[in-house]
Structure formats: C-alpha cells, structure tokens
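In: give me coordinates for this.
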Amino acid sequence: MGKYIIAIVIVVIIVGLYVFSFLLNEKTEKPEGCEDLSCSGCKADNCVTRK
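Out: Numbers count the residues shown, from 1 in each chain. Predicted coordinates:
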C-alpha cells in the first residue's frame, strides 16, 4: 500500500510543477523585438500566433 501512496505523491508533484511552470511562463512578457512577428517562416496550421 505504501508504494501506491509514494507513486501518487510523485505524480501529484510532477503535475503540480508542470502547472506552476505553465502559469509562470504565461505571465512572462515577450522580449523586445518579438511583439510584431510576421509568421511567414513556418507553415503550422495550428499556430495560435497566425490566427
């Protein structure tokens, strides 16, 4: 039973770190010169910048 608790705690820590880093990354401002990107380089259809 103890192995399952340790495994669950490890998974919760990994998911928590992912969410924490995602939220911190979302709050980060774009560097100077990256505000107006003309997206002609890549042809990714699912890019949120191109839409």
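In: just the pLDDT for Ile14.
Out: With respect to pLDDT, Ile14 scores 98.
In: check which helix or strand covers the residue sitting nearest the centre point of the chain.
Out: Centroid check for the chain by C-alpha atoms, centre = their mean gives Phe22 as the closest residue, at 4.2 Å. Per DSSP states H and E: Phe22 is located in helix 2-27.
In: check the offset of that helix from the chain's centre.
Out: 13 Å (C-alpha atoms, centre = their mean, to the nearest Å).
In: quick one: low-confidence ranges for this structure?
Out: 35-41, 43, 48-51 (pLDDT under 70).
In: tell me which other helices or strands the helix holding Phe22 touches.
Out: With contacts taken as 3 or more C-beta pairs under 8 Å, 6 or more residues apart in numbering; DSSP states H and E, helix 2-27 sits against no other helix or strand. Quick note: C-beta positions are derived from backbone N, CA and C, even for glycine.
In: what comes up buried for it?
Out: Residues of helix 2-27 classed as buried by neighbour count (16 or more other C-beta atoms under 10 Å): none.
In: I'd like the numbering to begin with 442 instead of 1 from here.
Out: With 442 as the first residue, the last one maps to helix 443-468.
In: ok, Val456 to Ser462 distance?
Out: Distance of Val456 to Ser462, given as C-beta to C-beta, to the nearest Å: 11 Å.
In: same check, this time on Lys471
Out: 18 Å.
In: with Glu470 instead?
Out: Glu470 sits 16 Å away from Ser462, going by C-beta to C-beta.
In: cool, Cys488 as well?
Out: 21 Å.
In: same check on Gly443?
Out: From Gly443 to Ser462 the distance is 29 Å (C-beta to C-beta).
In: same thing with Ile446?
Out: Counting by C-beta to C-beta, the gap from Ile446 to Ser462 is 25 Å.
In: Gly474 too?
Out: Relative to Ser462, Gly474 is positioned 24 Å away (C-beta to C-beta).
In: cool, and Ile447?
Out: The gap separating Ile447 from Ser462 is 23 Å, by C-beta to C-beta.
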